[in-house]
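K.L.:
Mind folding the following:
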Amino acid sequence: MTALEDEIDVLTESVSATPTTLRSVIKDTVNTTVDTDAFTPINEQIAYQTNILEKVFEKELLAIMGFGDGSDGEILTSQTVTVIDQQLPAKIQATNVNLASGQTITVNKPCAGLYIYSQGDIIIDGSIVMTNLGYNSNVVPETVTVKGVEYRLARGGKSGNSLASGAGGMTNSSYNGNIVSSSAGGSGNNGQDGEEGNHCFGGMGIYTKGGGGAHVELEANGNIWARWPGSSSGGKGYSNEKPSGAIALIARGEIMINGALISVGEDCSGSNNGSDGSSDYNSPNRILAASGGKGGDSLISGFGGGPITLVAKKITVNGTINNSGGTGKPNASVGKTGRDASYVMEEAVVLGYGGKGGYGAEAGLPGEVKQYLI
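P.N.:
Numbers count the residues shown, from 1 in each chain. This is a model prediction of the structure:
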């Protein structure tokens with residue numbers, strides 16, 4: 001190995017240094033590796049060394065400038081990036097991206113976004129997809145730094161508002177034809193505000209929880225054993241579906257979208273029907289029991305669309321950027337009321353009414369698309 005190659009190895013190990021320190025190392029190396037026996041005249045020797053150093057440090061300097069280290073090479077075909085930590089964005093660090101038509105880049109599970117860095121261009125004839133692949137993280141910065149400038153990342157759209165839920169079913173008990181007790185079901189709840197998205201994901205779909213059913217227990221001789229009214233609605237609930245995820249493309253050269261960037265919010269879903277009432281008999285203790293059905297939840301609102309950020313020297317969008325919010329059903333029919341249930345034991349009777357149905361929910365909003373020219 002030559003002395004110059006030794007110096008290159010040392011320099012390569014120094015890439016974690018600050019830009020100022022890095023420039024100093026390069027300068028020192030140029031000044032100390034001149035071999036007058038190897039080249040004449042001296043300007044040819046210096047030009048050769050400078051060329052070598054530029055090649056050695058090109059990738060490292062580009063990484064420092066915010067274009068990634070190029071470790072993933074050129075990206076031409078479909079990629080499913082393995083997520084190591086869901087709290088962090090999954091990353092591709094390419095020398096160049098030229099994704100062919102019919103090819104897709106995505107991740108293998110939800111995470112705090114998909115960031116694609118390129119030391120050259122990013123040309124997308126295929127698609128990048130982050131629908132249902134977002135994850136709410138509180139450790140990801142809200143900006144990216146490129147060439148020393150901070151750029152604020154786009155934010156995901158807000159999910160739709162949910163509408164009102166249904167009241168829980170009441171209970172009645174009677175003995176020998178006379179009412180012994182009557183307990184109200186829990187009231188439904190007014191609609192709830194949708195959830196804001198952030199730079200990692202679109203807002204989660206939400207729903208309004210229905211009121212709880214009342215309960216009664218009556219002894220066969222007509223005495224009340226236990227009873228309680230239905231609980232009020234628990235307020236806001238959240239969908240089990242995954243939100244839309246962030247897409248960030250950062251290129252030293254051009255970003256050209258001929259295909260599609262897709263991070264769409266989930267559509268309105270769920271059931272708004274009330275639950276059936278129930279009844280039972282405990283024969284050892286001769287106790288009749290009845291419960292009102294739970295009130296129907298509202299439908300789950302549409303999710304917000306995912307955030308999309310593009311940073312490059314030139315940006316051209318000939319294709320599609322689809323980060324729309326999920327659809328809503330604000331005019332959906334009120335859910336069905338649950339069926340009543342009763343139990344009769346000689347003169348004793350208990351009755352649990354079905355819960356009332358809930359209402360619909362609104363659409364989610366699209367995510368932001370931010371484009372920055374550097």
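K.L.:
which SS class is residue 359?
P.N.:
At residue 359 the chain is in coil, as set by DSSP: H, G, I helix; E, B strand; the rest coil.
K.L.:
Sorry, slip of the keys, the one I care about is residue 222.
P.N.:
coil.
K.L.:
Need the nearest residue in space to it, chain neighbours excluded.
P.N.:
residue 175 (3.2 Å; C-beta to C-beta, 6 or more residues apart in numbering). C-beta here means a position set from N, CA and C on the backbone, and glycine is covered the same way.
K.L.:
now residue 295
P.N.:
Nearest to residue 295 is residue 210, by C-beta to C-beta, 6+ apart, at 3.1 Å.
K.L.:
any chance you could read off phi and psi for residue 64?
P.N.:
Dihedral pair for residue 64: phi -60, psi -30, per degrees, to the nearest 10.
K.L.:
What about it, how many residues nearby?
P.N.:
19 (other C-beta atoms under 10 Å).
K.L.:
any idea how far residue 147 is from it?
P.N.:
Between residue 64 and residue 147 the distance is 10 Å, computed by C-beta to C-beta, to the nearest Å.
K.L.:
Hmm, residue 173 and residue 218 touching each other?
P.N.:
Yes: assessed by C-beta atoms under 8 Å, residue 218 is found in contact with residue 173 at 4.4 Å.
K.L.:
Mutual contacts of those two, please.
P.N.:
Contact criterion C-beta atoms under 8 Å, 6 or more residues apart in numbering; residues bridging residue 218 and residue 173 by contacting each: 180, 181, 224, 288, 348, 350.
K.L.:
so who does the first one touch?
P.N.:
Which is residue 180. 173, 174, 218, 222, 224.
K.L.:
The same query, at a cut-off of 10 Å, please.
P.N.:
Counting by C-beta atoms under 10 Å, 6 or more residues apart in numbering, residue 180 touches 172-174, 216, 218-219, 222-224, 227, 348-350.
K.L.:
cool, the second one as well?
P.N.:
Residue 181 makes contact with 171, 172, 173, 174, 175, 214, 216, 217, 218, 224, 227, 350, according to C-beta under 10 Å, 6+ apart.
K.L.:
The same query, at a cut-off of 7 Å, please.
P.N.:
Contacts of residue 181 were listed using C-beta atoms under 7 Å, 6 or more residues apart in numbering, and they are 173, 216, 224, 227.
K.L.:
repeat for the third one
P.N.:
Going by C-beta under 7 Å, 6+ apart, residue 224 touches 180, 181, 218.
K.L.:
which one of these sits closest to residue 164?
P.N.:
The shortest gap between residue 164 and any of the contacts of residue 224 belongs to residue 181, at 28.0 Å (C-beta to C-beta).
K.L.:
Much appreciated, bye for now.
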